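**Q** Turn this into a model:
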Amino acid sequence: MRLGGTSSVVAMALALFAAQGAMAQDVAAPTQAVANGTAAPATPPAGPPAARPRHHRTKGDPLEGFNRTMFSLHQFLDRIAFRPLAMLYKTVFPKPLRTGIRHVFSNVGEPLVFANDVLQLKPKRALKTAGRFLVNSTIGIGGVLDVAKTRDFNLPHHDNSFGTTLGHYGLGPGPYIFLPLVGPSDFRDFGAGIAQGQTYAFTIGTPFDRAEYRVSEAVLTGLDLRVESDGALKALLGGAVDPYATLRSAYLQDRAVSIAETHSAKAAAASALDDPLTDPAADPLKDPAAGAAPTSAAPTPKPAADDFPADPAAAPTASPMAPPAAKPAVDDFPADPAAPASAPPVATSPAKR
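**A** As a prediction, the model looks like this:
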């Protein structure tokens, strides 16, 4: 299957941060020996064995148990085979050659980007995609050189797919799914990707319907994407408590932004700002892909500028938040110290004019 796009880039490097506890095996307790040297049967446990911790069932990921198993399998395959092969590919093939191969396959996919631009009713974007394909196919020597993105043409590449088109017209993503060596996806994008991958084979034929072409494209693009994404994935998943949840959040947010961009750039920017990538370290059981809930409490009010620290000599029962005592009236005089303590102060009357 053809690997491409942001989801395949992120998915190819999950072995870097394998969860150590996920692959651990429980070890049986050793038998005990009695004082006379004969072995006694193992003491039965006092209660039922402790169940393994179960992950929180996340909205949008009803297949989480299956996905986590596939995620662990992917980590294992990546660790023992895929990443070593990618690093060997990087060593054997110099960067200019790898870049040229990447440009060729990217240029081959430009007509599919153009078709989805048209389906999304984006004529200006479609014209730019068509112009980019013509420039790179001619001046760029079949796409080996990305001449279209230079200052003279200013036609950079942009991703687009049939899954994005379906999302543009309101089709939901469906359940999240993770497959080994394919990476994160959902039912909508997975099915749309299969359909789009067969477009050239049915409309053009040779060489796109040949197994030799498909295998070489999948291997070369997959190895190149794995090499190019190595550093970025370390930064993304290096400090993650739950790499699976972190990757799921990154994928779902990226797809939401990509679909929002087909409506307007402002909507895409608002989506990216309103749903930031959160770190599951704050709550390992909470998936950031489920949407951040408004849990922030009201901030503690700062003291006013004229509030002074409490006097340490004041009575300990006085509360700092108690209302201040009323100031004495202007015409109130101090009580006579010679008067009896039980006698109330004599009220004064205002002088007559």
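**Q** Return the set of buried residues in stretch 70-86.
**A** By neighbour count on 16 or more other CB atoms under 10 Å, the buried set for stretch 70-86 is 70, 71, 72, 74, 75, 78, 82, 83, 86. C-beta coordinates here come from the backbone N, C-alpha and C atoms, glycine included.
**Q** Then stretch 201-213?
**A** Residues of stretch 201-213 classed as buried: residue 208 (neighbour count, 16+ other CB under 10 Å).
**Q** From the opening residue of that stretch to its closing one, how far?
**A** The first residue of stretch 201-213 is 11 Å away from its last residue (CA to CA, to the nearest Å).
**Q** Could you do stretch 193-212 as well?
**A** 20 Å.
**Q** Send me stretch 115-125 as CSV with only the CA atoms.
**A** Taking Å, rounded to 0.1, in the frame of the first residue of the first chain, the C-alpha atoms of stretch 115-125 are listed here in CSV:
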residue,chain,number,x,y,z
ALA,A,115,-8.5,16.4,-9.1
ASN,A,116,-9.3,16.9,-5.4
ASP,A,117,-8.8,20.7,-5.7
VAL,A,118,-11.4,20.6,-8.5
LEU,A,119,-13.8,18.4,-6.5
GLN,A,120,-13.5,20.9,-3.6
LEU,A,121,-14.4,23.8,-6.0
LYS,A,122,-11.1,25.5,-5.5
PRO,A,123,-10.3,26.7,-9.1
LYS,A,124,-7.4,29.0,-8.2
ARG,A,125,-5.7,26.3,-6.1
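**Q** And for that stretch, what's in contact with it?
**A** Applying CB atoms under 8 Å, 6 or more residues apart in numbering, the external contacts of stretch 115-125 come out as 126, 129, 158, 160, 161, 162, 164, 165, 168, 262.
**Q** Neighbour-wise, give me the winner out of those.
**A** Counting neighbours by other CB atoms under 10 Å, residue 160 comes out on top of the contacts of stretch 115-125 with 27 neighbours.
**Q** what's that residue sitting at in phi/psi?
**A** phi -160, psi 150 (degrees, to the nearest 10).
**Q** quick one: it and residue 112, what's the gap?
**A** For residue 160, the distance to residue 112 equals 8 Å [CB to CB, to the nearest Å].
**Q** what is in contact with these two at once?
**A** Between them, residue 160 and residue 112 share no contacting residue, judged by CB under 8 Å, 6+ apart.
**Q** quick check, nearest of the contacts of stretch 115-125 to residue 192?
**A** The closest of the contacts of stretch 115-125 to residue 192 turns out to be residue 162 (CB to CB; 4.1 Å).
**Q** My understanding was that the closest one contacts residue 194; is that so?
**A** No - using CB atoms under 8 Å as the test, residue 162 is too far from residue 194 to be in contact (9.6 Å).
**Q** could you say what helices and strands the helix or strand where residue 248 lies packs with?
**A** Using DSSP states H and E, residue 248 maps to helix 243-261. Under the contact criterion of 3 or more CB pairs under 8 Å, 6 or more residues apart in numbering; DSSP states H and E, helix 243-261 touches helix 5-11, helix 64-77, helix 162-168, strand 176-179, strand 183-186, helix 230-237, helix 265-274.
**Q** Kindly recompute the last result at 7 Å.
**A** If you count contacts as 3 or more CB pairs under 7 Å, 6 or more residues apart in numbering; DSSP states H and E, helix 243-261 packs onto helix 5-11, helix 162-168, strand 183-186, helix 230-237, helix 265-274.
**Q** Pick out the shakiest of the ones you listed, pLDDT-wise.
**A** Between the helices and strands packed on helix 243-261, the lowest average pLDDT goes to helix 5-11, which shows a mean of 40.
**Q** low-confidence ranges in the stretch 201-350 of the chain?
**A** In the prediction, the stretch 201-350 of the chain carries residues with pLDDT under 70 at positions 265-350.
**Q** which stretches of this protein form helices?
**A** Remark: helices assigned in the chain by DSSP state H are 5-11, 64-77, 83-92, 95-108, 110-119, 123-138, 162-168, 187-197, 199-203, 211-228, 230-237, 243-261, 265-274.
**Q** can I get those in TSV with distance to residue 58?
**A** As requested, the helices of the chain are exported to TSV (distance: least, CB to CB, whole Å):
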stretch	distance to residue 58
helix 5-11	18
helix 64-77	6
helix 83-92	28
helix 95-108	34
helix 110-119	29
helix 123-138	34
helix 162-168	20
helix 187-197	16
helix 199-203	33
helix 211-228	27
helix 230-237	18
helix 243-261	8
helix 265-274	19
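**Q** what's the closest of those helices to residue 152?
**A** With CB to CB as the yardstick, what comes closest out of the helices of the chain is helix 123-138 (9.3 Å).
**Q** The closest one versus helix 95-108: what angle between them?
**A** 130 degrees (axes from the mean of the first three to the mean of the last three CA atoms, to 10 degrees).
**Q** Mind listing what's buried along helix 123-138?
**A** Of all the residues in helix 123-138, those buried under the rule 16+ other CB under 10 Å are 125, 126, 128, 129, 130, 131, 132, 133, 135, 136.
**Q** if we take the residues you listed, which one ends up nearest to residue 106?
**A** Nearest to residue 106 out of the buried residues of helix 123-138 is residue 136 (CB to CB; 8.6 Å).
**Q** Identify the residues contacting that closest one.
**A** Contact analysis of residue 136 by CB atoms under 7 Å, 6 or more residues apart in numbering lists 107, 143, 146, 147, 148.
**Q** Now which of those would you call buried?
**A** For these, buried by 16+ other CB under 10 Å: 107, 143, 146, 147, 148.
**Q** Tell me which two of the residues you listed sit farthest apart.
**A** Maximum pairwise distance among the buried ones among the contacts of residue 136 (CB to CB): 10.5 Å, between 107 and 147.
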